[in-house]
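Engineer: Give me the fold of what follows.
(2 chains)
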Amino acid sequence: MRSHDLPVLLASQREPLFGPKGWTALLAFMLAVAIVVPVLFVLVPASSPFHLSAYFVTLVGKIMCYCVVAVAMNLIWGYTGILSLGHGLFFALGGYAFGMYLMRMIGREGQYQSDLPDFMVFLDWKAYPWYWSFTDHFWYSAMMVVLAPGLVAFVFGYFAFRSRIKGVYFSIITQALTFAFMLLFFRNNTGFGGNNGFTDFKRILGFRIAEPGTRAALFIITGLYLSAAIVLSRAILRSKLGRVLTAIRDSESRLMFSGYNTLWYKLFIWTLSAVMCGLAGALYVPQVGIINPSEMSPGNSIEVAIWVAVGGRGTVLGPVVGAALVNGAKSFFTQSFPEYWLFFLGLLFILVTLFLPKGVVGIVSVLRRSNHARAAGARREEEART
Amino acid sequence: MSRLPRVSAADGLGQTIGRVVPEGVDVSHGPILYLEDITVSFDGFKALNKLTLTVDAGELRCVIGPNGAGKTTMMDVITGKTQPDAGSAFFGQTIDLTRLSEAEIAQAGIGRKFQKPTVFENHTVFENLELAMKMDKRVWASVRARLNTEQSDRIAQTLDQIQLTAEADRLAGVLSHGQKQWLEIGMLLMQEPKLLLLDEPVAGMTDEETERTGELFTALAGKHSVVVVEHDMEFIGRIANQVTVLHEGSVLAEGPMHKIKNDDRVIEVYLGR
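Structural biologist: As a prediction, this is how the structure comes out:
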């Protein structure tokens, strides 16, 4: 962080957006959304103006998954100051791990009516490769959702942090990492469906995925998961762990000479962040109905950084707001003016960087401060009059 | 990590995530710091050239020398930031500094103050002291850490000592230069180090602040061993009993200030300029 940024960041990051009451209200609101949206979707008849479409439910569910990724990204970038440009990889790994289970659950309902997934029949494979073992068990796959991104992150992080790779070099290596995985997953012989990835899912735990009830359940779980991620992020920021992490961001060498082995702190938050992304990916895949290697493209990971920057990095809620705003705008633009979306995204990033260094939630603290100033001015006038 | 003698009392996961704390420093033979024939070269330039230096337990030692004499490199070697090409560095009788990381050395009991005041600017003064406080500094311990009364009292005591009680809840970034220097010294005290390394601790301080700092250091010697690197000759004359003069990476002269001041070689390379 450049030192002249400090005065700007100082206030906004330290000043909570909400008090305890505000937080209770926010969580109550999120729980209400998690319940009301599915009710309006499942129970209200399609003829009613209050009915929500499957498209809307899927869109909001998808955006909530992205919000979790932004929260996870904020743990490592906003709090700890390590810019990862490879978080799309962990999201995709979680998605693929759960996608394997969903593929197994298609059973013989595929195009070729074989026990094997269509892409394997197409490749003329006769049996599942060894790494597909046990993936027909839900709990095994759920475990892999955590382990696959967690292990990749842990091993990569251990070597990167032990070698004290920092700043832009770390960011570039994470780009290379996600790119390398993308190329690996594009190969048909890797055994993950090549460039088509996984799709045409039918069932999850015996429930048909296309059923409104299943969709509603996935939506509720995603809403609860996002709420839990926000609560966790806030708890970390307020704990001593959070103070150590932000100290790593601001002056890592001071911290080392104070007796902290920063390697383990960075590795801990990095791995936690990756696992959170993996879980988000696992919830994303059944709702969106497809996972393919393009999720690992370097551009996707960069977009995650933009969400966090737009919302306000280092704050608890900024990343959620940023991810929701940018993705909401994205779905609007890609429908109405598809050719302008990337221009808009670029413009948004430039404008936020220039005018909102603290992100969108930074506006609130600026407004609040000018309110305080106005109130103080009014008080002084009052006193002068009496 | 088997080279370290003892694992500190800690619970379950803490032992696997994180690190062990070395045992207390053994000063039974007098000296707390031994540097012997330390050589460090950067691209052929010898920043330290067979430097040999011993500091006794409880001593207040000043190190002076012209720019490029190797003062900061010496600090880097002691605190584990730089690996020497040759020579040995021991903390007490048993702790080999060349084999430990920065964090391990800090935990073993060596505190370091940088030339430029280095504090956590986005944290309050109180939190700065909390972070520096001697305690289990592994990840899991930090996840569960809650301040107890004894710890809060220690912080309050240090705040008082460095005269920042009124600023406890302000962000360190908004303190004046002198106050930041004092905060960093307070952070060192919270670490309860056996040996304090201070790189130009009174740079940028007012006369009054300098005087107070001198008093503080004199009070610290005895309980702690202190090594001060300084340019301010008047300040050194006031606090030091032993002065070491570095020149071109090795020791040029060593002794009490009044002798050093009259040493011909010292006058030639340093004082005479």
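
Engineer: so which strand or helix has the closest residue to residue B:76 other than its chain neighbours?
Structural biologist: Once flanking residues are discounted, residue B:76 sits nearest to residue B:82: 3.9 Å by Cβ to Cβ, 6 or more residues apart in numbering or on different chains. In short, each C-beta sits where N, CA and C put it, glycine included. Here residue B:82, judged by DSSP states H and E, is contained in no helix and no strand.

Engineer: Got the phi and psi for residue B:82?
Structural biologist: The phi/psi pair for residue B:82 (degrees, to the nearest 10) reads phi -120, psi 130.

Engineer: and it, what does it touch?
Structural biologist: Contact partners of residue B:82, counting by Cβ atoms under 8 Å, 6 or more residues apart in numbering or on different chains, are B:40, B:73, B:76.

Engineer: So which of the residues you listed is the closest to chain A?
Structural biologist: Nearest to chain A among the contacts of residue B:82: residue B:76, at 10.6 Å, using Cβ to the nearest Cβ.

Engineer: what's in contact with stretch A:77-85?
Structural biologist: With contact meaning Cβ under 8 Å, 6+ apart, stretch A:77-85 is reached by A:1, A:73, A:76, A:166-168, A:170-172, A:174-175, A:178, A:236-237, A:242, A:245-246, A:248-250, A:265-266, A:269-270, A:273, A:298, A:301-302, A:305, A:308, A:313-315, A:318-319.

Engineer: Also near chain B: which of those, exactly?
Structural biologist: By Cβ under 8 Å from any Cβ of the partner chain, the members of the contacts of stretch A:77-85 lying near chain B are A:246, A:249-250, A:265.

Engineer: Could you report the pLDDT at residue 146?
Structural biologist: With no chain named, the answer covers chain A. For residue A:146, the pLDDT comes out at 97.

Engineer: I was thinking of chain B, sorry if that wasn't clear
Structural biologist: We have a pLDDT of 89 for residue B:146.

Engineer: got the residues of the stretch 151-300 of chain A near chain B?
Structural biologist: Residues of the stretch 151-300 of chain A lying near chain B by Cβ under 8 Å from any Cβ: A:239-241, A:243-244, A:246-247, A:249-251, A:253-262, A:264-265, A:268.

Engineer: Out of the contacts of residue B:82, which sit inside strands?
Structural biologist: Per DSSP state E, strands hold the following members of the contacts of residue B:82: residue B:40.

Engineer: Quickly name whichever of the contacts of residue B:82 is closest to residue A:353.
Structural biologist: residue B:76 (36.4 Å; Cβ to Cβ).

Engineer: burial of that closest one, as a residue count?
Structural biologist: Residues lying near residue B:76 (other Cβ atoms under 10 Å in any protein chain shown) number 19.

Engineer: Centre-most residue in the chain?
Structural biologist: Because you didn't say which chain, this covers chain A. Central residue of chain A (Cα atoms, centre = their mean): residue A:69, 1.0 Å from the mean position.

Engineer: The intended chain is chain B.
Structural biologist: Nearest residue to the geometric centre of chain B (Cα atoms, centre = their mean): residue B:197, 2.3 Å.

Engineer: beta partners of that residue?
Structural biologist: Note on residue B:197: beta-bridge partners by DSSP bridges are residue B:112, residue B:227.

Engineer: so what's it up against?
Structural biologist: Contacts of residue B:197 by Cβ under 8 Å, 6+ apart are B:75, B:78-79, B:110-113, B:227, B:229.

Engineer: for residue B:162, same thing?
Structural biologist: Residue B:162 makes contact with B:182-183, B:185-186, B:189 under the criterion Cβ under 8 Å, 6+ apart.

Engineer: got JSON lines for the ones next to chain B among the contacts of stretch A:77-85, with neighbour count, secondary structure and pLDDT too?
Structural biologist: Converted to JSON lines, these look like this (neighbours: other Cβ atoms under 10 Å in any protein chain shown; DSSP: H, G, I helix; E, B strand; the rest coil; pLDDT from 0 to 100):
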{"residue": "A:246", "neighbour count": "23", "secondary structure": "helix", "pLDDT": "96"}
{"residue": "A:249", "neighbour count": "19", "secondary structure": "helix", "pLDDT": "95"}
{"residue": "A:250", "neighbour count": "21", "secondary structure": "helix", "pLDDT": "93"}
{"residue": "A:265", "neighbour count": "25", "secondary structure": "helix", "pLDDT": "97"}
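
Engineer: Between which two of those is the distance greatest?
Structural biologist: The most widely separated members of these are A:250 and A:265, with 13.4 Å between them, by Cβ to Cβ.

Engineer: Let me know the closest of the contacts of residue B:197 to chain A.
Structural biologist: For the contacts of residue B:197, the residue nearest chain A by Cβ to the nearest Cβ is residue B:112; the value is 4.9 Å.

Engineer: what does stretch A:178-189 contact?
Structural biologist: Stretch A:178-189 is contacted from outside by A:85-86, A:88-89, A:92-93, A:96, A:119, A:123, A:190, A:192, A:194-195, A:197, A:292-294, A:296-298, A:300-301, using Cβ under 8 Å, 6+ apart.

Engineer: Got a PyMOL select line for the buried ones in the residues you listed?
Structural biologist: Buried members of these, defined by 16 or more other Cβ atoms under 10 Å in any protein chain shown, are picked up in PyMOL with:
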select buried, chain A and resi 85+86+88+89+92+93+96+119+192+194+197+292+293+294+296+297+298+300+301
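
Engineer: quick one, helices of the chain?
Structural biologist: You didn't say which chain, so I picked chain A. Ranges of helices within chain A are A:6-14, A:20-42, A:54-74, A:87-104, A:118-122, A:138-162, A:167-186, A:212-238, A:240-257, A:262-288, A:298-311, A:318-336, A:341-355, A:360-385, based on DSSP state H.

Engineer: that's the wrong chain, I wanted chain B
Structural biologist: Secondary structure of chain B (DSSP H): helices at B:12-16, B:71-78, B:102-108, B:125-132, B:139-144, B:149-161, B:177-190, B:207-220, B:233-239, B:257-261, B:264-266.

Engineer: which one of those helices lies closest to residue A:232?
Structural biologist: Closest among the helices of chain B, using Cβ to Cβ: helix B:139-144, at 11.5 Å.

Engineer: List the buried residues of that closest one.
Structural biologist: B:139-143.

Engineer: Repeat that for stretch A:22-31.
Structural biologist: Across stretch A:22-31, burial judged by 16+ other Cβ under 10 Å covers A:23, A:26, A:30.

Engineer: Give me the neighbour count for residue A:259.
Structural biologist: Residue A:259 has 27 neighbouring residues, counting by other Cβ under 10 Å.

Engineer: For the nearest residue to residue B:54 once chain neighbours are set aside, give me the pLDDT.
Structural biologist: Nearest non-adjacent residue to residue B:54, counting by Cβ to Cβ, 6+ apart: residue B:31, 4.8 Å away. Note on residue B:31: pLDDT of 88.

Engineer: Residue B:53 is in contact with residue B:31, correct?
Structural biologist: No. With contact defined as Cβ atoms under 8 Å, residue B:31 does not count as touching residue B:53 (9.8 Å).
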